[in-house]
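A.B. asks: Structure of the sequence below:
(2 chains)
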Number of protein chains: 2
Amino acid sequence: MLEHGGRLQRAAALYGIAQDQWLDLSSGIAPWPWAIPAIPVRAWARLPETDDGLEAAACTYYGANQVLPVPGSQAAIQALPRLRRSGKVGVLSPCYAEHAEAWRRSGHVVREICEAQVDFFLDSLDVLVVVNPNNPSGRLLTPQRLLEWHARLAQRGGWLVVDEAFMDNTPALSLADQCGQGGLIVLRSFGKFFGLAGVRLGFVLGERKLLQLLVEQIGPWAVSGPTRVLGTACLLDTAGHQRQIERSAQASERLAQRLQRFGLPPQGGCALFQWLVTDKASQLHDFMARRGILLRLFTSTSSLRFGLPADEADWQRLEQAFNEYLKETP
Amino acid sequence: MLEHGGRLQRAAALYGIAQDQWLDLSSGIAPWPWAIPAIPVRAWARLPETDDGLEAAACTYYGANQVLPVPGSQAAIQALPRLRRSGKVGVLSPCYAEHAEAWRRSGHVVREICEAQVDFFLDSLDVLVVVNPNNPSGRLLTPQRLLEWHARLAQRGGWLVVDEAFMDNTPALSLADQCGQGGLIVLRSFGKFFGLAGVRLGFVLGERKLLQLLVEQIGPWAVSGPTRVLGTACLLDTAGHQRQIERSAQASERLAQRLQRFGLPPQGGCALFQWLVTDKASQLHDFMARRGILLRLFTSTSSLRFGLPADEADWQRLEQAFNEYLKETP
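C.D. replies: Residues are numbered from 1 along each chain as shown, chains lettered A, B, ... in the order given. Below you'll find the predicted structure:
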């Protein structure tokens, strides 16, 4: 298994700090979970049925004509590579590592490329995978650029897969409304923006026939009944969406400013995290962890991802730790 | 997609009866769902972590040394065929149809065989799949017989896959405690016995290295956080298990007696359903559905599966419908 953020149990054991004592900034999940609505017993008890309102709510929310709910966009990442015979797959990197891993596992030849290489390699690829905004760099590509890439791939029967796990804060830049086009597949995550990563919900947007093939891979009843009820309510709460967008933007901006002030200007970020590239990444990760603050360390790029603090107590704790860090490592 | 029970939305549309007016006996799910315990916000909000108590509770409940939680045993049915190169797979039939479908989808050659043919075919098979107790016939094979089959398969590197989705009522007949042996894989369903099919939980019991390969296929965070909390509580509730076993046995026996009394003796059954083979299956299914009682019709075997009524009101409604049926079809 690959490394991920959110592994609080392991950190708790490693640093001898009880789980409930941590400030966990290691994931890019919004720290303000939506309130859990009343969930009827039948949602727990009965086999979940499709078209119960969840698909319709998601179509409205994403501005898409058809969607496939999946138990987390991770489930789609695992399943998509099985829908094509072995081919050449480009993954715009560095990004969320499960993409390259899943395509390799299914026997595809994967080349991890940087943005400047896309034009050179594109016409030799069967599939290009892009995380937009990127995780962890925050780099955001324009719809125009992505649609150009898609057009070049699609004319040869290729796919553009766009993982929009962190797109909810900037919906105008989503390709969700373009997904009727053949060969354009958009993955959306529910848990990050809504702060409910435990419920396992995501959506695949794409051509109807592709979604049908995908559902055969993933199988029936993949999304739990309580998650379907909760997901429907959250996706319809338009006032809540606006509030979450605003407070995420404020917190992310404040986080970037704090890092700057502490002499650690972030390399990039988006509304749900900031990304710091520093040769002291490993050392800073350990320093913070010894104080019960969990960050996400990427050893390969010597970088750290900071999720958003939830409230003033969290901010003060983070800032105090930074002050101590500056004192100890002048 | 294959046909399944529990499709109440479709029945409601087809018969013009609102969903909440139905007596749904179309699934084999116990009609007494466990009470939903308090679920902490963190279970909804955070990415689920493994080894949070669920695996340990399941090991105790099943009497197994290691288990892999999956989002419904269906997820394992989808994934298992991908762990072997194409081979010859026998499925003891008729049974839950997703098994044969999943092995075929992964490129295996599937032969559906009856019990009397197993000895003849076994040495030519790479994998034998058995649902025990069988769904829908209720036929229960002894551990001794299954272990003999397993030994013959395992000596050639083959697998015996035993789907024990309906085994919770007869735990002494489970092979769960034998699953350290190579090539023996047991699937367990959580939702049926605990009456909580909406939460999507099941377990795979098998050799540790097999479970590791399976988790790569299914991916991280497959089981939702609330489901993990609820599953742990239910699996540890030993007093509740006994009560559920007793009331299921009583209701199933009562159901068999009623069917007998109405001149429709069941062909088989288990603690969670009865199975009626009759050339009038389709007609009886329609007759009941027009009265808002949903049964599971198997057209290929001209048979019906009856789940358990939950309470006296349900019993009376079912019996009244039978009385009407006998009057109208003397």
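A.B. asks: give me every residue that touches A:L297.
C.D. replies: A:281-282, A:285, A:303-304 (Cβ atoms under 8 Å, 6 or more residues apart in numbering or on different chains). For the C-beta atoms, the positions are set from N, CA and C on the backbone; glycine is no exception.
A.B. asks: Buried ones only from those residues, please, as a PyMOL command.
C.D. replies: Burial among the contacts of A:L297 is assessed by 16 or more other Cβ atoms under 10 Å in any protein chain shown; the matching PyMOL selection reads:
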select buried, chain A and resi 281+285+303+304
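A.B. asks: Taking the stretch 51-200 of chain A, what residue is nearest to chain B?
C.D. replies: In the stretch 51-200 of chain A, no residue comes nearer to chain B than A:G198, which is 2.8 Å away by Cβ to the nearest Cβ.
A.B. asks: How many residues are close by A:F121?
C.D. replies: 13 (other Cβ atoms under 10 Å in any protein chain shown).
A.B. asks: any idea which helix or strand carries A:S137?
C.D. replies: Counting by DSSP states H and E, no helix or strand carries A:S137.
A.B. asks: cool, and A:I185?
C.D. replies: strand A:184-189.
A.B. asks: sorry, back to before: mind listing which of the contacts of A:L297 are in strands?
C.D. replies: A:303-304 (DSSP state E).
A.B. asks: pLDDT and distance to B:R243 for the contacts of A:L297 - can I get that in TSV?
C.D. replies: Conversion of those to TSV gives the following (pLDDT from 0 to 100; distance: Cβ to Cβ, whole Å):
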residue	pLDDT	distance to B:R243
A:A281	97	55
A:S282	97	54
A:H285	97	50
A:S303	97	54
A:L304	97	52
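A.B. asks: just the helices in the stretch 51-200 of chain A please.
C.D. replies: For the stretch 51-200 of chain A, the helices defined by DSSP state H, counting those that start in this stretch cover A:54-62, A:73-79, A:98-105, A:118-121, A:143-154, A:191-194.
A.B. asks: Include mean pLDDT and distance to chain B when you put the ones you listed into a markdown table, please.
C.D. replies: Output for the helices of the stretch 51-200 of chain A, formatted as a markdown table (pLDDT from 0 to 100; distance: least, Cβ to the nearest Cβ, whole Å):
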| stretch | mean pLDDT | distance to chain B |
| --- | --- | --- |
| helix A:54-62 | 98 | 12 |
| helix A:73-79 | 95 | 4 |
| helix A:98-105 | 96 | 7 |
| helix A:118-121 | 96 | 27 |
| helix A:143-154 | 98 | 25 |
| helix A:191-194 | 98 | 8 |
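A.B. asks: May I see those helices arranged in CSV, with distance to A:A43 as well?
C.D. replies: Formatted as CSV, the helices of the stretch 51-200 of chain A follow (distance: least, Cβ to Cβ, whole Å):
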stretch, distance to A:A43
helix A:54-62, 11
helix A:73-79, 20
helix A:98-105, 29
helix A:118-121, 44
helix A:143-154, 36
helix A:191-194, 17
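A.B. asks: Ok, which of those helices comes nearest B:E3?
C.D. replies: Evaluated over these, closeness to B:E3 peaks at helix A:54-62, with 20.5 Å, by Cβ to Cβ.
A.B. asks: Strands along chain A, start to end?
C.D. replies: Going by DSSP E, chain A shows strands at A:23-24, A:67-70, A:88-92, A:109-113, A:127-131, A:159-163, A:184-189, A:202-205, A:268-270, A:273-277, A:293-294, A:296-298, A:303-307.
A.B. asks: longest helix in chain A, by residue count?
C.D. replies: helix A:238-261 (DSSP state H).
A.B. asks: Packing partners of it?
C.D. replies: Contact analysis of helix A:238-261 by 3 or more Cβ pairs under 8 Å, 6 or more residues apart in numbering or on different chains; DSSP states H and E lists helix A:191-194, strand A:268-270, strand A:273-277, helix A:312-328 as its packing neighbours.
A.B. asks: contacts for that helix?
C.D. replies: Outside helix A:238-261, the residues that reach it (Cβ under 8 Å, 6+ apart) are A:30, A:32, A:34, A:61, A:168-169, A:193-195, A:234, A:265-266, A:269-274, A:276, A:306, A:308-309, A:315, A:318-319, A:322.
A.B. asks: give me that answer again for 6 Å
C.D. replies: A:30, A:169, A:266, A:271-272, A:274, A:306, A:308 (Cβ atoms under 6 Å, 6 or more residues apart in numbering or on different chains).
A.B. asks: ok, so of the residues you listed, who is nearest chain B?
C.D. replies: Closest to chain B, out of all of these and judged by Cβ to the nearest Cβ, is A:A30, at 9.1 Å.
A.B. asks: This completes my enquiry, with thanks.
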